[in-house]
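Asker: this is a predicted model, with the sequence first.
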Amino acid sequence: MISRRLHGAGLRAGHMQALSLGSIGLCIGLWIRAKTVDQDERGNAERRALFVGLWPPMIWLIGDSLERHE
């Protein structure tokens with residue numbers, strides 16, 4: 001049902017897979033940036049990077065469901 005709505009909105013499997021790969025790059029960028037902030041803010045920045053690191057599998061699986069729908 002959700003995959004039909006996403007497909008109807010114009011999203012395709014390739015778009016979601018590209019977003020998944022992009023979120024991996026964002027996670028790595030946030031992790032590197034976390035190493036440059038001071039000690040007080042480092043924990044928050046690392047948690048942000050880990051949170052973004054949870055996105056790629058979810059986005060990839062949404063792309064797989066769109067691919068099956070196509």
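Answerer: Received, thanks. Quick caveat: nothing in here was measured; it's all calculated off a predicted structure. Numbering: from 1, shown residues only.
Asker: CA atoms for contacts and neighbours, from now on please.
Answerer: Will do.
Asker: buried set for stretch 45-65?
Answerer: Across stretch 45-65, burial judged by 16 or more other C-alpha atoms under 10 Å covers 45-46, 49, 52-53, 55-56, 59-60, 62-65.
Asker: could those go into CSV alongside pLDDT?
Answerer: Conversion of the buried residues of stretch 45-65 to CSV gives the following (pLDDT from 0 to 100):
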residue, pLDDT
A45, 91
E46, 91
A49, 92
V52, 94
G53, 93
W55, 93
P56, 95
I59, 94
W60, 94
I62, 92
G63, 92
D64, 92
S65, 90
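Asker: where along the protein do the helices fall?
Answerer: Secondary structure of the chain (DSSP state H): helices at 2-8, 13-34, 39-53, 55-69.
Asker: ok, D40 - how many residues close by?
Answerer: Neighbour count of D40, defined by other C-alpha atoms under 10 Å: 8.
Asker: can you name the residues in contact with the helix or strand of the chain with the lowest mean pLDDT?
Answerer: Within the chain, no helix or strand scores below helix 2-8, which has a mean of 82 by mean pLDDT, DSSP states H and E. Contacts with helix 2-8, where a contact means C-alpha atoms under 8 Å, 6 or more residues apart in numbering, come from R12, I62, S65, L66, H69, E70.
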